[in-house]
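> predicted model and sequence follow; I will ask about them next.
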Amino acid sequence: MIKDASSKRILTLLELFYSNAFRSLVKHPFFKKKRNRYMTCTMILILYFAYFYFNMVELAKISMVNQNISLAVIVKGQMTTFFSACSSAFFFGVILYLFVVNTVALDKVSLFFAKSLPFEENEIQLSFLIFKFSIMISLYEFIMLIITPMMTLVTSSKLLFVLIWLILQAIFILTCICLDFLYKKMPTFTKGKSRLIVKYTADIILLVSALLYYFLFRYKLEEKLSGLTTHISVLIGIVCLSVLLLLFLSLLLIRKFIFPEQILTTSKYIKIGPTIKNLLSSNLISLFRTKNNWYILFLMIAFVVILYVSQDFKQLQLILQMILVFSGVFCLPFYDNMSRFRRLFTSYSISLKRDIGYQLMMLIILVLPNVIVSYDNYLNLLQSVWVALTSLILGYLFPKSDGILNETTQMIILAMTIMICFILSKKPELTSFIIITQLCLFAYVIKKERAIGEK
């Protein structure tokens, strides 16, 4: 009876957390109409099936080529693809864990009800742990939708396909559990402000280590493992049993030891205020009021330094072009950082045209490094503008301050947009048309936001 009552209270807490998390999405003006909800779901399904079909066509071409390749080479390719998928599951486990831990926290309403109502501390801790892990797994499932078609390169057997899917899920969850255990043990060795320093240091070390492994060291490991003489089906079975056993043991560990959870995170903003005298500099400064943008900036710099040491200049330039396409991601928190300040625009007679103009100038400055690096690659420049405009629009449509999962929603939609961008990258004229459409949409969004702010 006690366990049943505790389970009901945990379910009640989870319902509270999810309802508050999705409140802003459900109440969003665009999603209030059923037509818009159905239209959005239909578009997502069409895009995914188009992506799946595109992959299947490419895989069919590869399988035609495979007919002229020896069996030994095909088997080695299957083994390499399998171990590469396992490495990806580990890598995304690290990245998504750090992303969720640093971005997802309960809002004050959820925390107030959780603390004021008669819930036990362990129940609150376990509920938030489940809530946090459910977001990580949901994000990973979105990535799995993209990765899944590639698994047909490993095997055509439905049973082995299911086992591979289980292995990748287990590796991801196991990685997140191990990291969570590590981060929960850190406070026992540190006190006061040093805890925050240790946490940020651990974040940086994990990020750099994951990048080094995924982009440099994993290839040698995968090459060695692909040389194993064990049959691919037997190997998949052994790996599946081993990983599931480790996952089972880790879940028992969680059940026995529930460590204190940082349920309400500290401020994600740096105290640098905008000024009405220079709107352009205020827009640029606002991009770096968010600590997450500093993480992204450090990540890019660390990645470039690693590549500079390991690659020659020409390869570095090509990789820089790919990295700088994503510089527009800095625009995601722009509206959140400027929302209160923007309410003063009407009082200071800042016109709509001036507002739009300064934001577009900010985008130009943001993509300027890519202009320098990609001066001979017109298509790459269009892609960077596409990502920047999409990020800015998403920041207005799904501000983080309106819901704790809005930042996650931004990242999912942005990832889908980038995926579409690269699929359509062979047609520059189509990309140019979409950018013009984005500019019109951007102007419309700013106009609506100013109209709402004046009410």
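The structure has been received and is ready for your questions.
> how about the secondary structure of residue 227?
coil (DSSP: H, G, I helix; E, B strand; the rest coil).
> tell me the pLDDT of the nearest residue to it once chain neighbours are set aside.
Excluding the flanking residues, the one nearest residue 227 by Cβ to Cβ, 6 or more residues apart in numbering is residue 76, at 7.4 Å. Where you see a C-beta, it was placed from the backbone N, CA and C, and this is true even at glycine. pLDDT recorded at residue 76 is 80.
> again, but for residue 412
On the pLDDT scale, residue 412 gets 76.
> pretty sure it sits against residue 138.
No: judged on Cβ atoms under 8 Å, residue 412 makes no contact with residue 138 at a distance of 9.0 Å.
> between those two, which one's more packed in?
Shown here are residue 412 and residue 138; by other Cβ atoms under 10 Å, residue 412 has more neighbours (18 against 14).
> list the contacts for that one?
Counting by Cβ atoms under 8 Å, 6 or more residues apart in numbering, residue 412 makes contact with 139, 142.
> helix, strand, or coil at it?
Classified using three-state DSSP, residue 412 is helix.
> residues contacting residue 142?
Counted by Cβ under 8 Å, 6+ apart, residue 142 has contacts 412, 415.
> change it to 10 Å
By Cβ atoms under 10 Å, 6 or more residues apart in numbering, residue 142 lies in contact with 408, 411, 412, 415, 416.
> which element is it on?
helix 121-147 (DSSP states H and E).
> now that helix: mean pLDDT?
83.
> surely residue 117 and residue 111 touch.
No: counting by Cβ atoms under 10 Å, residue 117 does not reach residue 111; the two are 11.2 Å apart.
> what is in contact with these two at once?
Contacts common to residue 117 and residue 111, judged by Cβ under 10 Å, 6+ apart, are residue 124.
> okay, the two: which has more neighbours?
Counted by other Cβ under 10 Å, residue 117 and residue 111 do not tie: residue 111 has more neighbours, with 17 against 12.
> and the contacts of residue 142, which are buried?
408, 411, 412, 416 (16 or more other Cβ atoms under 10 Å).
> let me know the closest of the residues you listed to residue 178.
residue 408 (22.3 Å; Cβ to Cβ).
> which element follows the helix or strand containing the closest one toward the C-terminus?
Counting by DSSP H and E, the element that carries residue 408 is helix 406-423. Sequence order places helix 428-454 as the next helix or strand after helix 406-423, per DSSP H and E.
> buried ones in that following helix?
431, 434, 435, 438, 442, 443, 445, 446, 449, 450.
> would you turn the residues you listed into a markdown table with distance to residue 173 and pLDDT?
Compiled in a markdown table, the buried residues of helix 428-454 are given as follows (distance: Cβ to Cβ, whole Å; pLDDT from 0 to 100):
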| residue | distance to residue 173 | pLDDT |
| --- | --- | --- |
| 431 | 38 | 71 |
| 434 | 37 | 78 |
| 435 | 39 | 80 |
| 438 | 37 | 83 |
| 442 | 39 | 86 |
| 443 | 44 | 87 |
| 445 | 38 | 83 |
| 446 | 42 | 85 |
| 449 | 40 | 80 |
| 450 | 45 | 78 |
